[in-house]
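Q: here is my input; please provide its structure:
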Amino acid sequence: MIKEALQLLAKKWNSYKYRFVPWVALNLHKNERTLRQVEEHSRDKLISDKDVSVHLLKLFQVLFQNSLTTQVEAFHLLPPHVQSAYQKKAVDVGTSKRTDCCRNRTSISSSEVMLNTLGFCIDRAPSSLPTAGTGVFVTKGSVPKGAMVSMYPGTVYQPYEPVFFQSLYNPFIFRCIDGILIDGNDKGISKTIFRSCLRRDRLGPFLFGDETWLTEHLENPLAVGQYVNNCTNENAANVCYQEFDVPADFPVELRQYMPNVNYSVDSLRTLRCVVLVALRDITQGEELFSNYYTVVHSK
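A: The predicted structure follows:
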């Protein structure tokens, strides 16, 4: 029994250690290539916030268009010019021949939407790293350099908000440069807290976040960034993290695809998101690897 318990513990540790920050820090000297160096803070972002917004809007608009049959109430609460824009898109892409684009449409999967819209799709699968657990792969198409390839989902905590119990045995806590934390764990208390906060934040039929990243069936196919593994000397990083604050004018009907929610209610606080951006062209079949550590050199 003791031997079996130790073997089980060793197996869990081997999978967990790739996300365990102290272990990664202690092994940096052995894996210099796992450390991302940025010359100055202004160059920390690979693409602009405007480009991130463009990527998100491009995908989210088609996701919304694809699910209009289940969002009739929300659709008819939108301003007439916004409704007209969606109706025009439906006709342009051949998804409807009727004026009312909320009926008689055939939806496709979110991964198909991603492939048709962005030219690639990603999915979770066993990592190519021995004992590293789950990883994220480009399953179809190819990712061009500078494309936003994934998002880091979870509850967003300000530095002063309680996160101790959620952080216990939790390898999915992401720390932003300014101390904001994102809990990307899809199990246990983290899962419960996210769902509680999300159901608190809604405006009539409009949802202000997406909880499907907690399931096997994602409405936002980008929301798997918490499973991207740290790079190694043999597997250099091909994506990097980039922080992004959702602008106040982001369309209300598209916020339902944001896989993040603030822990506390604050109408003046923007929503922090973390996206993963391709450092180079990434081809079909490749696993995504990031740098868990970024060093910004101030001048």
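Q: for the chain, what spans make up the helices?
A: 2-16, 21-26, 49-66, 72-76, 80-92, 110-118, 164-167, 188-200 (DSSP state H).
Q: just for the stretch 151-299 of the chain, where's the confidence low?
A: Along the stretch 151-299 of the chain, segments meeting pLDDT under 70 span 267, 293-299.
Q: one step back: would you turn the helices of the chain into TSV with mean neighbour count and distance to V261?
A: No exception for glycine: its C-beta is placed from N, CA and C like everyone else's. Listed next are those as TSV, based on neighbours: other Cβ atoms under 10 Å; distance: least, Cβ to Cβ, whole Å:
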stretch	mean neighbour count	distance to V261
helix 2-16	11	25
helix 21-26	12	23
helix 49-66	18	16
helix 72-76	15	18
helix 80-92	13	24
helix 110-118	19	19
helix 164-167	14	14
helix 188-200	17	5
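Q: which of the ones you listed has the lowest average pLDDT?
A: Mean pLDDT values for the helices of the chain show the minimum at helix 21-26, a mean of 55.
Q: any chance of the helices of the chain in a markdown table, with distance to I180 too?
A: Output for the helices of the chain, formatted as a markdown table (distance: least, Cβ to Cβ, whole Å):
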| stretch | distance to I180 |
| --- | --- |
| helix 2-16 | 24 |
| helix 21-26 | 16 |
| helix 49-66 | 16 |
| helix 72-76 | 29 |
| helix 80-92 | 31 |
| helix 110-118 | 27 |
| helix 164-167 | 14 |
| helix 188-200 | 15 |
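Q: which one of those lies closest to F244?
A: helix 49-66 (4.9 Å; Cβ to Cβ).
Q: quick one: distance of that closest one to the chain centre.
A: Remark: helix 49-66 is offset 13 Å from the chain centroid, using Cα atoms, centre = their mean, to the nearest Å.
Q: what's the answer for stretch 224-234, then?
A: 14 Å.
Q: likewise for stretch 60-67?
A: 17 Å.
Q: and what of stretch 250-264?
A: For stretch 250-264, the distance to the chain centre is 12 Å (Cα atoms, centre = their mean).
Q: what residues sit buried inside stretch 130-149?
A: Neighbour-count burial for stretch 130-149 flags 132-133, 135-141, 143, 147-149 (criterion: 16 or more other Cβ atoms under 10 Å).
Q: from those, pick the one nearest M1.
A: G133 (24.8 Å).
Q: on that earlier part again, looking at the helices of the chain, which is closest to A248?
A: Comparing the helices of the chain under Cβ to Cβ, the one sitting nearest is helix 49-66, at 11.9 Å.
Q: could you export that closest one as PDB, CA atoms only?
A: What follows is helix 49-66, C-alpha atoms only, in PDB (Å, rounded to 0.1, in the frame of the first residue of the first chain):
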ATOM      1  CA  ASP A  49      -4.000  46.000 -27.600                       C
ATOM      2  CA  LYS A  50      -5.800  47.100 -30.700                       C
ATOM      3  CA  ASP A  51      -4.600  44.000 -32.500                       C
ATOM      4  CA  VAL A  52      -5.800  41.800 -29.600                       C
ATOM      5  CA  SER A  53      -9.200  43.500 -29.800                       C
ATOM      6  CA  VAL A  54      -9.300  42.900 -33.600                       C
ATOM      7  CA  HIS A  55      -8.500  39.200 -33.100                       C
ATOM      8  CA  LEU A  56     -11.200  38.800 -30.400                       C
ATOM      9  CA  LEU A  57     -13.900  40.700 -32.300                       C
ATOM     10  CA  LYS A  58     -13.200  38.700 -35.400                       C
ATOM     11  CA  LEU A  59     -13.800  35.400 -33.700                       C
ATOM     12  CA  PHE A  60     -16.500  36.400 -31.200                       C
ATOM     13  CA  GLN A  61     -18.700  38.100 -33.800                       C
ATOM     14  CA  VAL A  62     -18.800  34.900 -35.800                       C
ATOM     15  CA  LEU A  63     -19.400  32.800 -32.700                       C
ATOM     16  CA  PHE A  64     -22.300  35.000 -31.800                       C
ATOM     17  CA  GLN A  65     -23.600  34.900 -35.400                       C
ATOM     18  CA  ASN A  66     -23.300  31.100 -35.300                       C
END
